[in-house]
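**Student:** Any chance you could fold what I've pasted below:
(chains A and B)
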Amino acid sequence: MRGNPLAHGLIAPGSLPDVLQLLSTEPGKWTPIAGGTELMVAHAAGRLEAAHLVSLWGIPELRFIECRADSISIGAGSTFRDLRSHAGIAEQLPLLAKAAGWIGSIANQSRATLGGNLVNGSPAADSSPALLVYDAEVELLSARGSRRIRYADFHTGYKSNVMTAEELVFAIHVPVRFASHRQYLRKVGTRRAMAISKVALAATARMEGQFIREIRIAAASLAPFPTRLTATEGALAGKAIGPSAIKEAHAALLVEAKPLDDIRSTADYRKAVAANLLGEFLMDLNAEAAPR
Amino acid sequence: MSDCLSSVQFEINGEVRTLRVPPMKRLLDVLREDLRLTGTKEGCGEGECGSCSVRMNGELVNSCLVPVLQAEGASLQTVEGLANEGKLHPLQQAFLHCGGAQCGICTPGMLMAATQLLAVNPQPNLAEIREGLAGNLCRCTGFKRIFDSVIAAAAESQTQATEQAAHAR
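**Tutor:** Residues are numbered from 1 along each chain as shown, chains lettered A, B, ... in the order given. Down below sits the predicted model:
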C-alpha cells in the first residue's frame, strides 16, 4: 500500500439528493466513488489524485433494474452481479448479461457498477460494446435536472466524456427491440478469467433472407474509447451476405480500426483479431442465410 | 488528525465493532491492523488475486478495494469466522484432507470464495467451481487439489443433510 488513507477524505451522504446538492454547491471538488474497483487500485498504488471523495455505494435510488415493454432501465449503481442474475436482462439483453459475467472475478462483479464502468471510460470497458450495439442511452442527473444522450455520444476521448462536474450517471436505458436480430459478442484476452481484453467485438444484425437490413458493430480497444464501427457497418448495410460483402467489411474494418500498441497487445494483433471476430460473425450470418 | 477519522460500525464474524478510522483506509488494513484479524492476506493489492477475499452482506468482495467507510452497517465474515467453537468448517476440513493448502497465502481467500460459492450453489459442478474460484490465484497447488477440496466439502454437506433428513423421519 503506497497510498496514504489520511490524504483523502471520503463522505457518504447516503441519499441521491444529498450527493447532487454537494456536487452542485462545490462543483469539481468531489469525486464520486461507487464500488471502488478502479479508484481503490489507484489509491493503493499512491496515484489517486482526488482529495475529496463522495460515496455512491449503498444509495438505493441508483441500484435498480426496471423492465418495460420497450426498454430496460438500469440504475448506474447496479453491480455486474445484479446484471448477471437478472432474468429480464438474460432474456432481452443477452450480450450485456454475457459481458457482465466477464468482468473481473465474482468479487469484482459484486462491487463494480455499470455506471462506474462507463464513467471510468476504459477503451477496453467490457460492458461498452454491448451497450453500443443495443443503442443504449445514458441519463445524466444533476441538482438542476436530467438529460438523456445516446451512449454512442457519451465518450469524447481517452477517459473523457460529456459529463459536467455537477452530474452523475443516473441510469442506462436500453431498448429491447433486438430479439429477432442475430447477436454476437466475443472478447479476446490473455486468459479466460480475470483478463482485461486485448480486443472485444459486439454485433447485431436483422436479416431478411440473404439481405442485411440493419447492422450494428461495436468494439473495445480499437480506439481511444469504445466505439461503433460505422464504416464497417456501411459496407454491410443493405447488402446480401456472401463472400464479396464479407471481404468488403473486412477491408473497411482494417481501415477504420485505430488500435494502439500497449502492455496488453499490439495494434497489428488487435486489428487482425478484430477482423477475425467480424469474420466469425459474418460467416455465421452467411451460413444461416444460405438456402437449404 | 482526529477530524480526519470517521466512526464506522459493522458486524464482523457475529460481533458488532465500532472503530474510529480514516474513511479511505482499506477494509483489508482495518481487518489486519485495527482488528488484528490477520487471517485475511494481502496479495496484489489491486483486486486481481483474491487473497484478501472476505464476505460482505452475503457477497464476495476483495477487501483491498473496499474503503472502510463503505463497510458501515455491513455484516462481514472473514476466514476467522468459519470455524465454530473450535471445530473446523467442513471446507477447512476438506482443504486439510485433500491437500488444498500448501504455502497458505491464497488459502483464506480460497476458503471465503468457496464459502460464497456453496452458499449460492450447494452442489456445484467442476465448471461452476472453476468459475467461482476464478478470481483467486494459487501458485502452489495447480488448483486441482483446491477443486477436489470443494467437491469433497459439498459431498460432505450433502451426506450430512441426508443423514439429518433420515433422523427427522
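**Student:** which residue does chain B bring closest to chain A?
**Tutor:** Evaluated by CB to the nearest CB, chain B has B:G135 as its residue closest to chain A, separated by 2.0 Å. C-betas here are computed from N, CA, C, even on glycine.
**Student:** and the spatially most central residue of chain B, what is it in contact with?
**Tutor:** Against the mean C-alpha coordinate of chain B, by CA atoms, centre = their mean, the closest residue is B:M112 at 2.2 Å. By CB atoms under 8 Å, 6 or more residues apart in numbering or on different chains, the residues touching B:M112 are B:S53, B:V54, B:R55, B:L60, B:Q77, B:T78, B:V79.
**Student:** Let me have those residues in TSV, extended by neighbour count and secondary structure.
**Tutor:** Listed next are these as TSV, based on neighbours: other CB atoms under 10 Å in any protein chain shown; DSSP: H, G, I helix; E, B strand; the rest coil:
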residue	neighbour count	secondary structure
B:S53	32	strand
B:V54	30	strand
B:R55	23	strand
B:L60	29	strand
B:Q77	20	strand
B:T78	24	coil
B:V79	24	helix
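**Student:** quick one on the thing from earlier: can you classify the residue of chain B closest to chain A by secondary structure?
**Tutor:** Counting by DSSP: H, G, I helix; E, B strand; the rest coil, the backbone at B:G135 sits in coil.
**Student:** so it sits right up against B:A113, yeah?
**Tutor:** Yes: between B:G135 and B:A113 there is a contact at 6.9 Å, judged by CB atoms under 8 Å.
**Student:** Overlap of the contact sets of those two?
**Tutor:** A:I106, A:A107, B:G50, B:S53.
**Student:** The residue of the stretch 101-250 of chain A found nearest chain B - how many residues pack around it?
**Tutor:** Distances between the stretch 101-250 of chain A and chain B by CB to the nearest CB are smallest at A:S105, namely 2.0 Å. By other CB atoms under 10 Å in any protein chain shown, 24 other residues sit near A:S105.
**Student:** For it, what are phi and psi?
**Tutor:** Dihedral angles of A:S105 (phi, psi; degrees, to the nearest 10) stand at phi -110, psi 180.
**Student:** Run through chain B and note the low-pLDDT ranges.
**Tutor:** Along chain B, the model assigns pLDDT under 70 to residues B:1-3.
**Student:** ugh, wrong one, chain A
**Tutor:** Short version for chain A, where the test is pLDDT under 70: A:191-195, A:291-292.
**Student:** middle-most residue in it, spatially?
**Tutor:** Residue closest to the average C-alpha location in chain A (CA atoms, centre = their mean): A:S128, at 1.6 Å.
**Student:** For the nearest residue to it once chain neighbours are set aside, give me its contacts.
**Tutor:** Distances taken as CB to CB, 6 or more residues apart in numbering or on different chains place A:P226 nearest to A:S128, at 3.4 Å, with adjacent residues excluded. Counting by CB under 8 Å, 6+ apart, A:P226 touches A:P123, A:A125, A:S128, A:P129, A:L132, A:H155, A:A218, A:A219, A:A220.
**Student:** In contact with the third one: list those residues for me.
**Tutor:** The contact partners of A:S128, by CB under 8 Å, 6+ apart, come to A:N117, A:L118, A:Y151, A:A218, A:A220, A:P226.
**Student:** same deal with the fifth one?
**Tutor:** Contacts for A:L132 were tallied using CB under 8 Å, 6+ apart; they are A:Y151, A:A152, A:A202, A:R216, A:A218, A:P226, A:T227, A:R228.
**Student:** my hunch is that the fifth one is in a helix, does that hold up?
**Tutor:** I take that to be A:A218. No: assigned with three-state DSSP, A:A218 falls outside any helix and is strand.
**Student:** how many neighbours does it have?
**Tutor:** For A:A218, the count of nearby residues is 28 (other CB under 10 Å).
**Student:** Then the first one?
**Tutor:** Under the neighbour criterion other CB under 10 Å, A:Y151 is assigned a count of 22.
**Student:** Please name the residues that touch it.
**Tutor:** For A:Y151, the contact set (CB under 8 Å, 6+ apart) comprises A:L118, A:S128, A:L131, A:L132, A:D135, A:A136, A:E137, A:V138, A:I172.
**Student:** Just the ones in strands from those residues, please.
**Tutor:** Secondary structure defined by DSSP state E assigns A:E137, A:V138, A:I172 of the contacts of A:Y151 to strands.
**Student:** Name the nearest of these relative to A:A90.
**Tutor:** Taking CB to CB as the measure, A:A90 lies nearest A:I172 of those, at 16.5 Å.
**Student:** So the closest residue to that closest one other than its chain neighbours: helix, strand or coil?
**Tutor:** In this structure, A:I172 finds its nearest non-sequential neighbour in A:I74, 4.8 Å apart by CB to CB, 6+ apart. The assignment at A:I74 comes out as strand when based on three-state DSSP.
**Student:** Much appreciated, bye for now.
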